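Student: Please find the sequence and the predicted model below.
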Amino acid sequence: MSWARQIHIKSPAELSVMREAGRINAEVLAATRELLKPGVSTADLNAAAEEVLRKHGCFSPFKGYGHPPFPASITVSINRELVHGIPSKRRKLKVGDIVSVDCGTVLEGMVADSAFTGGVGEIPPEAQKLLEVTQGALNAGIEMMCVGNRTGDVSAAIQNHVESRGYFVTREYTGHGVGRQMHEGPQVPNYGKPGTGLPLKAGMTIAIEPMVLVGTEETRVLPDQWTVVSADGSLTAHYEHSVAVTEGEPLILTVP
Ligand code: MG
Ligand code: MG
């Protein structure tokens, strides 16, 4: 995957379409969150997501993406699975699981991308802590999305939040520009140094997505060629928002 990708500054009109796509994406994720119950299959989550997308005349850029083509509209990644899990009728949720759901929405040619991790019934305290740390890292990254900062400031905020609490960030998968395509420049890793990277400009839109692991930063890909798991089998979590840099506060696009 080449990261010499173009950075597109969005017009106010493009930003308002992305905001609407983000609202729909939030509705998709909310529909899947309601289904995080024992016995529900990960294919059921995908079906619920597709129903919401269809209702709005939208589709997910995930379906058919990559090699081999991704077969579903959302990714569902459970426990040690960090990202890119493939929905399946055979895979049923169990009490205590933590489930990461990631979806994209295309509306009028513009893309929004977001993800959350939620629990099935009561989850162990160590899983709850992981969710809080990962969500906190997302917020720390979003706070840095201001004119005058650089991409490295966003990366460093995420890394510091996670590592200061004894957890790990992946080195292999990153945040990214989003909007006219699912993946645009700039690349925004979950680790970095303050004051480095590209200057943030108003109209930049970036999917910020901390991917956090309990035991190690190492990951591997399962033989299905998509599912990324922690190398040591430890728990993982993933939260993501698409965020616009403005002349004022960061604008989170993927909220209701
Ligand atoms: Mg995503
Ligand atoms: Mg993304």
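Tutor: Received, thanks. Ligands and ions are numbered 1, 2, ... in the order given.

Student: For the rest of this, base every contact and every neighbour count on C-alpha atoms.
Tutor: Will do.

Student: that's a helix at Thr75, yeah?
Tutor: No: with DSSP: H, G, I helix; E, B strand; the rest coil as the criterion, Thr75 is located in strand rather than a helix.

Student: What about it, how many residues nearby?
Tutor: Close neighbours of Thr75, defined as other Cα atoms under 10 Å, add up to 26.

Student: Same check on Gln6?
Tutor: 11.

Student: Now it: closest residue in space that isn't a chain neighbour?
Tutor: Excluding its sequence neighbours, the residue lying closest to Gln6 (Cα to Cα, 6 or more residues apart in numbering) is Gly185, at 5.1 Å.

Student: Surely the one you found touches Gly175?
Tutor: No: when contacts are counted by Cα atoms under 8 Å, Gly185 is not listed as touching Gly175 (9.5 Å).

Student: Tell me which of the two has more neighbours.
Tutor: Neighbour totals were compared for Gly185 and Gly175, and Gly175 leads with 23 against 19 (other Cα under 10 Å).

Student: ok, now how distant is the more buried one from ligand 1?
Tutor: 9 Å (Cα to the ion, to the nearest Å).

Student: Would you confirm that that residue contacts Asn190?
Tutor: Yes: shown here, Gly175 and Asn190 form a contact pair, counting by Cα under 8 Å, at 7.2 Å.

Student: any residues in contact with both of the two?
Tutor: Common contacts of Gly175 and Asn190, defined by Cα atoms under 8 Å, 6 or more residues apart in numbering, comprise 209-210.

Student: OK, contacts around the residue in the stretch 151-256 of the chain that ligand 1 sits nearest to?
Tutor: Residue of the stretch 151-256 of the chain nearest ligand 1, by Cα to the ion: Glu240 (6.3 Å). Going by Cα under 8 Å, 6+ apart, Glu240 touches 102, 113-116, 138, 207-210.
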